[in-house]
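> Dropping a prediction and its sequence here:
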Amino acid sequence: MKIYFAGSIRGGRQDQALYFEIIKQLEKFGTVLTEHVGNVKVVETETARKDTDIFARDVNWLTQSDAVVAEVTSPSLGVGYEIAMAESLGKKIICIFRPANDRHLSAMIAGNPRLQVSEYTDLVDLDKIFSDFFYLRNR
């Protein structure tokens, strides 16, 4: 199983440590093609690459992936684009979101019947969410 994990990079890195832990959980289900998203130095390493190279690499990974897991709590143009592209490629997609009084999920994500959207409060919640997602994916 190849998993594409999408999380905010240029849109904000406040959840970097959380992304790292999510990626570790996802590795129980397969190979995470985008493990760099959880790396504390990803902004530095990605800045050294051309945008066109990043785009080509990420499109290649999206095409190869069997499933996409998108953390959508921090708004990100890139994550939104990746979700739309994955949908156009027919990928199975789950969007995970931590609700709060000051955060609201985009209606374009929440209202899309082709996306699975799951709310969570902590990493413990994700264990069941991911187990259900990957189990149901294989049924």
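Thanks, I have it.

> C-alpha only now, for contacts and for neighbours.
OK.

> for this structure, what spans make up the helices?
Assigned helices in the chain, in chain order: 16-26, 42-47, 51-64, 77-88, 107-110, 123-137 (criterion: DSSP state H).

> in this protein, which helix or strand is least confident?
Ranked by mean pLDDT, DSSP states H and E, the weakest helix or strand in the chain is helix 42-47, scoring a mean of 70.

> Ramachandran coordinates for the nearest residue to residue 120 once chain neighbours are set aside?
Leaving out its chain neighbours, the residue that sits closest to residue 120 by CA to CA, 6 or more residues apart in numbering is residue 98, at 5.2 Å. Note on residue 98: its backbone torsions stand at phi -100, psi 100 [degrees, to the nearest 10].

> my guess is residue 98 contacts residue 125, does it?
No: counting by CA atoms under 8 Å, residue 125 is not a contact partner of residue 98; they are 10.6 Å apart.

> Could you provide the helices of the chain in CSV, with additional columns for distance to residue 7 and mean neighbour count?
Listed next are the helices of the chain as CSV, based on distance: least, CA to CA, whole Å; neighbours: other CA atoms under 10 Å:
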stretch, distance to residue 7, mean neighbour count
helix 16-26, 7, 18
helix 42-47, 11, 13
helix 51-64, 13, 14
helix 77-88, 6, 17
helix 107-110, 14, 12
helix 123-137, 15, 14
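
> Least reliable of these by average pLDDT, please.
Ranked on mean pLDDT, the bottom entry among the helices of the chain is helix 42-47, at a mean of 70.

> Can you check the pLDDT for residue 13?
So, for residue 13, pLDDT stands at 66.

> Could you number the chain from 645 rather than 1 from now on?
With the count now opening at 645, the last piece we talked about shows up as residue 657.

> Which of the helices of the chain sits closest to residue 648?
helix 695-708 (6.4 Å; CA to CA).

> Run through who's touching that closest one.
Contact with helix 695-708 is made by 646, 648, 677, 678, 690, 712, 726, 729, 730, 733, as judged by CA atoms under 8 Å, 6 or more residues apart in numbering.

> how does it look with 10 Å?
Residues from elsewhere that reach helix 695-708 (CA atoms under 10 Å, 6 or more residues apart in numbering): 645-650, 676-678, 690-691, 709, 712, 722, 726-727, 729-730, 733-735.
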